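Engineer: how would this look folded up:
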Amino acid sequence: MNYYQLLDLQREPFANSPDPRLLYLSEQHHDCLQQLELAVRLRRGLGVVLGEVGTGKTTICRRLIRNLGGEGDRRTIIRLILDPDFHSRRDFLAAIVRAFGLGDDELGEPVERELKELFYNFLLEESVGRDRNVLLIIDEGQKLPDFCLEALRELLNYETNDRKLVQVLIFAQEEFRARIRRHNYFRDRIALFMHLRPLGFRETRALINFRLRQSHRRPAAADELFTLPAMWLIYRHTGGYPRRIIMLCSQIMLAYLVRCSHDPAAAGKITASLVRSCVRRVFN
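Structural biologist: Residues are numbered from 1 along each chain as shown. From the prediction side, this is the model:
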C-alpha cells in the first residue's frame, strides 16, 4: 500500500528538506525572525544569533532570506557565506567581494586595501546612491578566525549619519560566545544578540502536530496519531532540539508504516513502545 494512502498523508511530514509549508516557528523562533528582519530593515549593522547544533539557526536564516528577498523585492542585496574558515584577512575580503559579484579578472590579485576600496565604492553606490540594503550573512560563524572579526569591524565602520552601509548577520554555535567576550572591539558593534534554546515539551508537541497537520488530508485527525506518553519520550530523548525531533519522528513513521503494512489491524496510535524501539536505533 502506498505510504501516503496508508496514513492519509499528502506529503512526508518529517523530511529534512526545507519545505516552507512544514516550517514551524516556536515563540522564540518567531521573535528571533522578527527582530532580525527589523534590525536589517532599520540598518542597525551587526546581529548575532547563537544556538547549539539543531536549534533552528539555519531554518531562521533561510526564512529570513526568503522574507527579505521574496516577491521580487530588489531593495535588499543578500549574500550568504556558508563556511568562513579563511586563512587570511585578504582571503576573507576577497570572498566577500566575489560574493557580491565585484572585481574584474584584469585586477589580478588585489591587495587588502584595493579589496576594501572596491567594496566601499560598491556600498556607496548601492546603499547611498540607490538606497538599497546590502546584507552579508555568515553561517557557521564559530569558524571565523580572529582576523575576520577585525575585518568585519572595519567594514561596519562604513556608515553615514543615519545608517550602516552594510548589514552583517552571523549565525554561530555556542562556542562563539567566548570569542565575542575576548574581543571587546567586536562585541561593542553588536546591535542585536539572540540566543536560540531547545524547545520545551509543549513546543515539541506543537512542532510534531503542526507538521502532521500540514501533511494530512484531514488535518484535524493528525493530532490523534501520537499518544501523550509517546510525545513525552520523543521530547525526553531529543532534548527538544528540532533537528533531532524531526530525525527521530521520521524513523518512527517508517517503523509505524512497516508495522501497519504487515498487519493492517495494528494501525492506530503511535505508542511509547514504538518510540523506544526507534530511539535505540537512532541514538545508540
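Engineer: Doesn't residue 137 belong to a helix?
Structural biologist: No. Residue 137: not assigned to a helix; according to DSSP: H, G, I helix; E, B strand; the rest coil it is strand.
Engineer: List the residues that contact it.
Structural biologist: 61, 64-65, 78-81, 168-171 (C-beta atoms under 8 Å, 6 or more residues apart in numbering). Quick note: C-beta positions are derived from backbone N, CA and C, even for glycine.
Engineer: Just send those back as JSON lines, with pLDDT too.
Structural biologist: Formatted as JSON lines, the contacts of residue 137 follow (pLDDT from 0 to 100):
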{"residue": "61", "pLDDT": "91"}
{"residue": "64", "pLDDT": "92"}
{"residue": "65", "pLDDT": "90"}
{"residue": "78", "pLDDT": "94"}
{"residue": "79", "pLDDT": "94"}
{"residue": "80", "pLDDT": "94"}
{"residue": "81", "pLDDT": "95"}
{"residue": "168", "pLDDT": "97"}
{"residue": "169", "pLDDT": "97"}
{"residue": "170", "pLDDT": "97"}
{"residue": "171", "pLDDT": "97"}
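Engineer: could I get those as a markdown table with distance to residue 100?
Structural biologist: Listed next are the contacts of residue 137 as a markdown table, based on distance: C-beta to C-beta, whole Å:
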| residue | distance to residue 100 |
| --- | --- |
| 61 | 18 |
| 64 | 18 |
| 65 | 15 |
| 78 | 10 |
| 79 | 6 |
| 80 | 11 |
| 81 | 11 |
| 168 | 13 |
| 169 | 15 |
| 170 | 17 |
| 171 | 19 |
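Engineer: Cross these against strands and list the overlap.
Structural biologist: 78-81, 168-171 (DSSP state E).
Engineer: Give me the buried entries from these.
Structural biologist: Among the ones in strands among the contacts of residue 137, those classed as buried by 16 or more other C-beta atoms under 10 Å are 78-79, 81, 168-171.
Engineer: Among the residues you listed, which one sits closest to residue 210?
Structural biologist: Of all these, residue 171 has the smallest distance to residue 210: 22.9 Å, by C-beta to C-beta.
Engineer: contacting residues for the closest one?
Structural biologist: 49, 51, 57-58, 60-61, 137-141.
Engineer: Top of those residues by number of neighbours, please.
Structural biologist: residue 49 (26 neighbours; other C-beta atoms under 10 Å).
Engineer: what comes into contact with whatever helix or strand it lives in?
Structural biologist: Assigned by DSSP states H and E, residue 49 falls within strand 46-51. Strand 46-51 has contacts (C-beta under 8 Å, 6+ apart) with 32, 36, 39-40, 57, 60-61, 141, 152, 156, 167-174, 176-177, 180, 189-197.
Engineer: And for stretch 178-186?
Structural biologist: 48, 142, 144, 146, 149-150, 152-153, 187, 190.
Engineer: can you list the domain ranges for the protein.
Structural biologist: 27-196, 200-283 (automatic domain parsing).
Engineer: From the opening residue of the shortest one to its closing one, how far?
Structural biologist: With C-alpha to C-alpha, to the nearest Å as the measure, the first residue of domain 200-283 is 20 Å from its last.
Engineer: From the chain's centroid, how far away is that domain?
Structural biologist: Domain 200-283 sits 23 Å away from the centroid of its parent chain (C-alpha atoms, centre = their mean, to the nearest Å).
Engineer: Done for today, thanks.
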